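Trainee: model this:
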Amino acid sequence: MPLPQLVKDRLIKRDGLDIAIKKSNEYRVREYVKNYLNDLEETVWILDTLPEKQFKKLFKDEDVYRLLDIANRAAIYLDFLPLQRSEDGRLLALKSLEGIPNNGSPRTFSISREAIDQDKKRFLNLQKHIARLEKFVQPTRGVIYNNLDKTYFNELAMTAKKAGYCPAKAPEIDTEGSLYLPKLTPEQRWVRQVQANLIYIGFDDINSREDLKILQDAMITEEGKALIEKFRSMQAEPPSGA
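Mentor: Here you go, the predicted structure:
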């Protein structure tokens, strides 16, 4: 059931409302969202029970995008964090942001803390979902994770079986022991950092350590900055004859 127009109007004009009306209206909106999320469990049960041939009558492309957008917003507001092994082997929850100054080299700003059980659980669950979503954008990802994947790959699985092959299946990742995050050596950490900084100024796919060092040094000298700026301007110019 959609929200009444009066509730929508009050939400849009909330700053001009009486405090009691504003709080009452916002409570009503929050409860609407909570009820929708609570109904998702029933929706999943229906999808597990309804005959598959009826699914196409339920969904539109826009439904996929909206549901992914809701999941993305929820992960942001709940502050889901990536995990990484520190040099001494500790498991850290962290996020980083690249800052571009008016002058000088880019800088990374990071927040990190010791990962807790909730971080590990979130990480593992997201790993499963990301692996499942990859099949829609990576044509070489042909591993079956669950019954839905069996349906998605049905025609290919039949072809494989006729040729004497068994479709590859991936086990669910549910235990902390399956969480594998390699430790970064100081060298690897330095390479990744310099590569990230260079990407922002137009240098992609630089892997040679010598090239990385040359470009990093160039970013801290006036001559190097001038050459980099010339490179950037050349990249922005359309090719001759265009």
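Trainee: contacts, neighbours, all on C-alpha from now
Mentor: Noted.
Trainee: could you list every helix and strand in contact with the one helix or strand K230 maps to?
Mentor: Taking DSSP states H and E as the criterion, K230 maps to helix 222-236. The elements that helix 222-236 packs onto, with contact taken as 3 or more CA pairs under 8 Å, 6 or more residues apart in numbering; DSSP states H and E, are helix 209-218.
Trainee: the helix it packs on: how far from the chain's middle?
Mentor: Mean C-alpha position of helix 209-218 versus that of the full chain (CA atoms, centre = their mean, to the nearest Å) differs by 30 Å.
Trainee: what angle separates the helix holding K230 from helix 209-218?
Mentor: Interaxial angle of helix 222-236 relative to helix 209-218 (axes from the mean of the first three to the mean of the last three CA atoms, to 10 degrees): 110 degrees.
Trainee: now helix 222-236: buried residues?
Mentor: Buried residues in helix 222-236, counting neighbours by 16 or more other CA atoms under 10 Å, are found at G224, K225, I228.
Trainee: could you dump those residues into JSON lines with distance to T49 added?
Mentor: What follows is those, written out as JSON lines (distance: CA to CA, whole Å):
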{"residue": "G224", "distance to T49": "64"}
{"residue": "K225", "distance to T49": "63"}
{"residue": "I228", "distance to T49": "60"}
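Trainee: looking at the protein, which helix is longest?
Mentor: In the chain, assigned by DSSP state H, the helix with the most residues is helix 19-49.
Trainee: can you verify A93 is assigned to a strand?
Mentor: Yes - A93: assigned to a strand according to DSSP: H, G, I helix; E, B strand; the rest coil.
Trainee: where are the low-confidence patches of this structure?
Mentor: Applying pLDDT under 70 to the chain picks out residues 104, 141, 171-186, 200-202, 204, 232, 234-242.
Trainee: what ranges do the strands span in it?
Mentor: 83-85, 91-99, 107-114 (DSSP state E).
Trainee: among those, which comes closest to F153?
Mentor: In terms of CA to CA, the element of the strands of the chain nearest to F153 is strand 83-85, at 31.3 Å.
Trainee: what is that closest one packed up against?
Mentor: strand 91-99, helix 117-133.
Trainee: how about the ones you listed in JSON lines, adding distance to Q193 and mean neighbour count?
Mentor: Formatted as JSON lines, the helices and strands packed on strand 83-85 follow (distance: least, CA to CA, whole Å; neighbours: other CA atoms under 10 Å):
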{"stretch": "strand 91-99", "distance to Q193": "10", "mean neighbour count": "16"}
{"stretch": "helix 117-133", "distance to Q193": "23", "mean neighbour count": "15"}
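Trainee: quick one, phi psi at the closest residue to P106 other than its chain neighbours?
Mentor: Nearest residue to P106, sequence neighbours excluded (CA to CA, 6 or more residues apart in numbering): I100, at 4.7 Å. Dihedral pair for I100: phi -110, psi 120, per degrees, to the nearest 10.
Trainee: wait, isn't I100 in contact with R107?
Mentor: Yes - using CA atoms under 8 Å, I100 is in contact with R107, at 6.6 Å.
Trainee: still on that earlier bit, closest one to D39 among the helices and strands packed on strand 83-85?
Mentor: Closest approach to D39 among the helices and strands packed on strand 83-85 (CA to CA): helix 117-133, 20.5 Å.
Trainee: can you list the domains in the chain?
Mentor: Domain segmentation of the chain under automatic domain parsing yields 5-58, 61-178, 184-242.
Trainee: closest to L68 out of the helices and strands packed on strand 83-85?
Mentor: Nearest of the helices and strands packed on strand 83-85 to L68, taken as CA to CA: helix 117-133 at 10.7 Å.
Trainee: check which helices and strands the closest one sits against.
Mentor: Judged by 3+ CA pairs under 8 Å, 6+ apart, helix 117-133 is in contact with strand 83-85.
Trainee: the strand it packs on: how far from the chain's middle?
Mentor: 16 Å.
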